[in-house]
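*Asks:* when you get a sec, could you give me coordinates for this:
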Amino acid sequence: MLTTRRPSISFSKTIEVLVGKAQVKFTIHPDLICARSPFFDAAMKRWYTEGEPVTLKHDEPDLFNYYLQSVYADEAAPLAGGTYDTEEEMKRAEEKEVKGLLKLYIFADRISDLTCANAAIDRLMKLTMGYRGVRIAVEDLLEVWRLTPPTSPLS
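*Replies:* Residues are numbered from 1 along each chain as shown. Sure, this is the predicted structure:
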């Protein structure tokens, strides 16, 4: 059985990524993120040669934070956990998680992080095909279709 190794991470070397209109600052380890995303690999090369900061002004800081959690955990982690007082509260939390996973997929697809995109789909499958069978709203699927290129597996 073949397995892939995670890249070694230099914890002394970090860079900043500015996200959203408010330019929320994230400090990340470029070794890890560049190994997963050709987009970030190119952005880091530009940062090293030209000193340009990496900015994602059209993205949501919460989504980028979720992406980083997925990268560092090497899986699409649940957005919310815990206990719920009612079935309705649990249903709302699951629907929110489905929307978050779809957004994560769109972002990962855009930056060509296939590992993260696959992890988002794996988690979606667990939610939608499990014993509870959480449904994905048609309008959410249409949003994925609209925001991903025709070559994307979900288009």
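
*Asks:* and residue 114, how far from residue 73?
*Replies:* Spatial separation of residue 114 from residue 73 under the definition Cβ to Cβ, to the nearest Å is 17 Å. In this view, the C-beta of every residue, glycine as well, is placed from N, C-alpha and C.

*Asks:* ramachandran angles for residue 114?
*Replies:* phi -60, psi -30 (degrees, to the nearest 10).

*Asks:* which residue packs closest to it, ignoring adjacent ones?
*Replies:* For residue 114, the nearest residue in space outside its immediate sequence neighbours is residue 108; the separation is 7.6 Å by Cβ to Cβ, 6 or more residues apart in numbering.

*Asks:* and that neighbour, helix, strand or coil?
*Replies:* In the three-state summary, residue 108 is assigned as helix, counting by DSSP: H, G, I helix; E, B strand; the rest coil.

*Asks:* re the thing from before, who's more crowded, residue 114 and residue 73?
*Replies:* Neighbours per residue, other Cβ atoms under 10 Å: of residue 114 and residue 73, the larger number sits with residue 114, 13 against 10.

*Asks:* what's the burial count for residue 30?
*Replies:* Residues contacting residue 30 under the criterion other Cβ under 10 Å number 21.

*Asks:* ignoring the adjacent residues along the chain, who's closest to the most centrally placed residue in the chain?
*Replies:* For the chain, the residue lying nearest the average C-alpha position, counting by Cα atoms, centre = their mean, turns out to be residue 67 (3.2 Å). Ranked by Cβ to Cβ, 6+ apart and with sequence neighbours excluded, the top spatial neighbour of residue 67 is residue 107, at 5.8 Å.

*Asks:* hang on, that neighbour packs against residue 63?
*Replies:* Yes: in this structure, residue 107 is within contact of residue 63 by Cβ atoms under 8 Å, at 5.9 Å.

*Asks:* of the two, which one has the most company?
*Replies:* Neighbours of residue 107 and residue 63, each counted by other Cβ under 10 Å, are more numerous for residue 107; the result is 22 against 17.

*Asks:* quick check: pLDDT value at the more buried one.
*Replies:* In this prediction, residue 107 carries a pLDDT score of 95.

*Asks:* same thing with residue 85?
*Replies:* pLDDT at residue 85 comes out at 81.

*Asks:* ok, now residue 155?
*Replies:* Among the per-residue scores, residue 155 shows a pLDDT of 61.

*Asks:* sweet, I'm off.
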